[in-house]
Structure formats: C-alpha cells, structure tokens
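K.L.:
Pasted the sequence and its predicted model underneath.
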Amino acid sequence: MKWHLSIALLAASCVLVAGNETLESEFRTNGTLMHGVVERARQSLQEFSAVVYDGRKEIAYAIVITDDGYLVSKWSELKSAKELKVRIDDQLYEEVKLVSGDTQWDVCLLKISATGLKPVVFAENSKADEGTWVIANGATSRSERRPMIGIISAPSREIPAEGGAVLGIEIIEQKGAIIAGEVPEISGAFKAGIRKDDKILKLNDTALKKRDDLVEFMKDRKIGEKIEVTYDRKGKQQKVTVELQGRADTFGKEASRNDQMSGDVSNRRSGFPRVLQHDVQGSSKTVGGPLVDLDGKCVGMNIARANRAESFAIPVEELREISQRLADQARSK
C-alpha cells in the first residue's frame, strides 16, 4: 500500500497538463488515485470515529472503544459542554454521559445507549519511522468522515507541561510562612477548597516555611498527580487532596508570535507523558479522534493541535491501556 502511495505521489509531482501546468485530475489530492489509497482508512474513520457536538456546534471527535456505547475523547474540549451529542456514521445520539476522565492524559470516557457498534481496531504498536503516512478526520458532514493525510514528523517523546505542574495558587512568602494569594477558580487548589489568605503548612509530609521549599517539592511533579495539602484558615487546620494542573492551563499563557500565526490550537497542548507527533493540519475541533495508518488501524488518538506545524497523538500502547482502564472502572460501579 505504501509503495502504491509513493508511486501516486511521484506521478502527481511530475504529470502536468501542457500549457496551464495543472495536474491531471486523477493525480490531485482529491483525485481517484488518492481516493483509492486512503479508502481503507476512510472506512475505518466512518465506522469507529465519532463526531462530538455541543448542541449543534461541532467541538471534537471521539473513538468508539466498545460495541455497547463507550467512547473516549479529549476531556478539556468537552468538560464545559452543555448539551453533548455524538454522531457515529450517520446516526445521531442525543443522550451522552460524560462518565469519567484521566487528567494526566486529558482523556475522558463517554457513554451512549447503543448496541452493535463497531469498536476501534488498534494497531499492534505505534512504531513508525518519520515520514510514515497517517490519516485523521478532516471536515465532516452528517453522513461522511473525510480523511486528512499527513506524516509522522518526529520520534515519540514526552511533552512536558508548559511552565511545569502547579498547585494553583499565587505564592506569598510572609514571616516564615507561605500564604495563598490569588487562587484561580479553574485551579486544582481552588477545586479542593483552598482560598486566598490560607496558610499552606505542608505538601504531603513536607513542611513549608519559605518559597524555596514549595519550589523544590514541585519541581519534578506531573500534571494529574495528586498531593495532600495541609493548610490553616483562621487557626483551624484542614487537609485536602489537590490534583496538579499545568501552569499555562491554570494561569494562562501570553501568546507568542508563533501562536498568533498558528490559528486555532488546543488550549491544553502540553503535559503529556508520551506523544506521536505528526503534521496533519487540524484545529482544536479535530482532536479526540483516531489517528490511523493506511490499513485503517488506529495508531493513536489525536490529543492536541500544538501549532501550525505540529499535532500530537497519544500512542496506541498508552491509549489501549487508558481506554480499557476507564471502561473497566465504569462497568464496576
């Protein structure tokens, strides 16, 4: 299959119509030869890639992981949706439950009432040389998933959180103590109950007396990690569990020139333990769906549009484990 694609692309680069230098139609990216090359992948996207809506607005894609209605998608694109709906093939499902998620990977589990679905076919592994062709969801319609073609553009690797993982408080060092300044409402600290002017006493078993103690404790922490925080509020000590988030996700990030030129990118695009990098052109609304090879097998899940040249996907090895774990947890409840 790869050999046929190479021949088609070579022909496309050489065959010109005399006079107007236009490619013959069969060699264009929307021509019959290219359609034939990606047909198996397109059929896979049609069967196990789902479109996710908030009301009538398309917000992401998802992957069908079981025949009885469990799907996975990108959590940060879905968690604020008011009216989740899902379309699989041409069937619209209007009752969708966001069951659970994995914040470290930014993956959520969805459930619809359905039977007889065609679940994702996973590739054996995600090992692929740079330059290997991959395919993802492009523009969609009510009845069709349309493929976008790209290549693996870098070796798989970790993408550290921009600015590192954070507790989610503004740090004020005051007379041998750490005091919480502003606490953003989206932060892990706020969600756990910590508020402005609380005195932070311990992180796990580490006592805090100065800013450097907190910085040292946090330097190797990861997004999604949970820590125990002991704090004092008006003389009363309390202990809560805080889930760490990325600095850019919590406090925002000043857009760089590259960001400004990149168009619609994902809000969460860092802090992943391992990703496949590819160059399929997408946006924040084309994440959550499968990344497939030319045989239509899923090699990963698109998790972030990082910038104008880079998209990230969770490799199939990790995606398989995450999907199985979330589905097993949901069924055990």
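P.N.:
Here it is on my side, so go on.

K.L.:
tell me the helices in the chain, going along the chain?
P.N.:
Along the chain, counting by DSSP state H, helices occupy 2-14, 32-48, 75-78, 188-192, 211-218, 247-251, 257-262, 316-332.

K.L.:
Between the two ends of stretch 199-219, what distance do you get?
P.N.:
End-to-end distance of stretch 199-219: 21 Å, with C-alpha to C-alpha, to the nearest Å as the criterion.

K.L.:
Just the buried positions in it, please.
P.N.:
For stretch 199-219, a neighbour-count test (16 or more other C-beta atoms under 10 Å) marks 199, 200, 201, 202, 203, 208, 213, 214, 217, 218 as buried. Just so you know, the C-beta spots here come from the backbone N, C-alpha and C atoms, and that holds for glycine as well.

K.L.:
Number of residues surrounding residue 328?
P.N.:
For residue 328, the count of nearby residues is 9 (other C-beta atoms under 10 Å).

K.L.:
how close does it sit to residue 82?
P.N.:
Spatial separation of residue 328 from residue 82 under the definition C-beta to C-beta, to the nearest Å is 29 Å.

K.L.:
try residue 304
P.N.:
23 Å.

K.L.:
who has more neighbours, these two?
P.N.:
Just comparing residue 304 and residue 82: by other C-beta under 10 Å the higher neighbour count belongs to residue 304, 27 against 6.

K.L.:
show me where pLDDT drops low in the stretch 1-150 of the chain?
P.N.:
Along the stretch 1-150 of the chain, segments meeting pLDDT under 70 span 1-35, 139.

K.L.:
all strands of it, in order?
P.N.:
For the stretch 1-150 of the chain, applying DSSP state E, counting those that start in this stretch gives strands covering 49-54, 57-64, 70-74, 84-88, 91-93, 96-102, 107-112, 133-140, 145-159.

K.L.:
which stretch among these comes nearest residue 190?
P.N.:
Among the strands of the stretch 1-150 of the chain, the nearest to residue 190 by C-beta to C-beta is strand 96-102 (18.3 Å).

K.L.:
Now that closest one - C-alpha only, CSV.
P.N.:
Extracted in CSV, the C-alpha atoms of strand 96-102 (Å, rounded to 0.1, in the frame of the first residue of the first chain):
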residue,chain,number,x,y,z
VAL,A,96,-24.5,11.4,26.1
LYS,A,97,-23.0,10.9,29.5
LEU,A,98,-19.5,12.2,30.4
VAL,A,99,-18.6,9.3,32.8
SER,A,100,-15.0,9.9,33.9
GLY,A,101,-11.6,11.0,32.8
ASP,A,102,-7.8,10.8,33.1
